[in-house]
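Undergrad: Just to be clear, the model below is a prediction. Sequence and coordinates:
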Amino acid sequence: MPPTSDPPQGPPPLTAPPAALVVDGRHQLGSFDAPVPVLNLGDVVRSRGWRGHLARVARDLRTKEWEAFQLGDDEWFVLGAVYDAKVVGIVMVIAVHQRSGRILRWIDKVPSNRVSVARGLEGTASVGRSRSGRLAITNAVGSGRVHVDGHHGGGSGLPPLRLSGTGDCSVPAARHLAVCHPFDDDHVLYTNKCLMPFVGELWIGSERVGFDADRSFLILDDHHGEYPSPQVYDWVTGAGRRDDGSLAGFNLTHNQVRDPDVHNENVVWVDGTLLRLPAVTFARPGGVLAPWHITDTAGTVDVTFTPTVDSTLHVGPRHALAEYHAPYGRFAGTIRADGRTVRVDGLFGMGERKRIRI
């Protein structure tokens, strides 16, 4: 009789974060229940002098960094990001009206020196500037606050934009998942995800959209990855308020990290708790704009994402430099964790299929 193996048990429990991402020249791998205070990625380089300087510059150029958010309520879904790809910077706010499918995209590509992504979430800010506008994400996690503030002048048929509001990431309102996971022996992904209540307002021209405390949410996505080339991953996220007013949301990713049964950022938030999930896979039998199926081998995750609004960004002939699909749509299915079953039917969110060589 052939030997049997136990099914994957999922990732290990969260631990307290280390004082810094690199200590004594070594990455502090793990999954943590709060952000790592000091994101000193370059300190893994021990060489001194000009050799050390060149090595740090090379590593920095390889590191893709962004601080992003997804916020909304039962009517609107908004994506914002300050993104430093090192060869280019991107400052964006995208607003999607869920029922009608109306999408507005305030996206500016700028020189990399026009964006600054925070390394650490206490007393810092990620800021992107263009000729048309500015987006800032101000971090005060120790005080339980993340503030977003942006404006854009519009143009070419696009109305002006103003966005301002504050997320409450204090305990027990929110729970963080921060991870430092290996791509290989020398390169890592650090990211922090957190679902939290949000209060603010969005102005689209003269149209005001109010985000109230009892209806709205914000997901913070702080991200620093020393990705291999090409950079490849699949990702979905969604969130919303349940009938009882509580927040529910999830983050599901299949990326290039080593040993995803141990190292993954898959999580579901519900009732003020955070539940870890096993490694998942993505299937799109009908293509990017047909339903996506996200599952795991043990039946813990069984989620379908049905795109309703298309959004893409491709670079190069035949998408050779960047192929990026980021549709918006609705979710259905279940996530089971820690003896609980969380239904995600009707939640709105987004997905990404990314393959980038630049």
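TA: Right, received. Where do you want to start? Numbers count the residues shown, from 1 in each chain.

Undergrad: Only C-alpha atoms from now on, for both contacts and neighbour counts.
TA: Fine.

Undergrad: Quick check, pLDDT for R26.
TA: Listed pLDDT for R26 reads 95.

Undergrad: Would you mind confirming that it makes contact with V44?
TA: Yes: with contact defined as C-alpha atoms under 8 Å, R26 reaches V44; the gap is 5.8 Å.

Undergrad: With neighbour numbers in mind, choose between the two.
TA: Neighbours around R26 and V44, counted as other C-alpha atoms under 10 Å, are more numerous at V44. The numbers are 19 against 14.

Undergrad: Isn't that one up against Q28?
TA: No: here V44 does not reach Q28: they are 10.5 Å apart, not a contact under C-alpha under 8 Å.

Undergrad: Next, show the common contact partners of these two.
TA: Taking C-alpha atoms under 8 Å, 6 or more residues apart in numbering as the criterion, V44 and Q28 both touch V22.

Undergrad: so what secondary structure elements neighbour the strand or helix carrying T308?
TA: Element membership for T308, per DSSP states H and E: strand 301-309. On a contact count with 3 or more C-alpha pairs under 8 Å, 6 or more residues apart in numbering; DSSP states H and E, strand 301-309 meets strand 292-295, strand 328-337.

Undergrad: The same query, at a cut-off of 10 Å, please.
TA: strand 231-241, strand 281-283, strand 292-295, strand 328-337, strand 340-343, strand 348-356 (3 or more C-alpha pairs under 10 Å, 6 or more residues apart in numbering; DSSP states H and E).

Undergrad: so the fourth one versus strand 301-309, what angle?
TA: Taking axes from the mean of the first three to the mean of the last three C-alpha atoms, to 10 degrees, strand 328-337 and strand 301-309 form an angle of 170 degrees between their directions.

Undergrad: Can you pull out the low-pLDDT segments for the stretch 1-150 of the chain?
TA: The model of the stretch 1-150 of the chain has pLDDT under 70 over residues 1-9.

Undergrad: In this structure V117 contacts T63, no?
TA: No: V117 lies out of contact with T63 (C-alpha atoms under 10 Å); the separation is 11.5 Å.

Undergrad: Give the residues shared as contacts by those two.
TA: 84, 223-224 (C-alpha atoms under 10 Å, 6 or more residues apart in numbering).

Undergrad: and P12, what is it in contact with?
TA: 30-31, 261-263, 276-278.

Undergrad: re the thing from before, how about the helices and strands packed on strand 301-309, which one is nearest P35?
TA: strand 231-241 (19.6 Å; C-alpha to C-alpha).

Undergrad: now the strands: where do they sit in the stretch 151-300 of the chain?
TA: Using DSSP state E, counting those that start in this stretch, the strands found in the stretch 151-300 of the chain span residues 161-168, 175-182, 188-204, 207-211, 217-225, 231-241, 247-254, 267-270, 273-276, 281-283, 292-295.

Undergrad: Counting by contacts, list what the first one packs against.
TA: Translated: strand 161-168. For strand 161-168, the elements it packs on are strand 133-140, strand 145-152, strand 188-204, strand 207-211, strand 217-225, judged by 3+ C-alpha pairs under 10 Å, 6+ apart.

Undergrad: May I have the strands that pair with it, each with its orientation?
TA: In the sheet, strand 161-168 lines up against strand 145-152 (antiparallel), strand 188-204 (antiparallel) (DSSP bridges).
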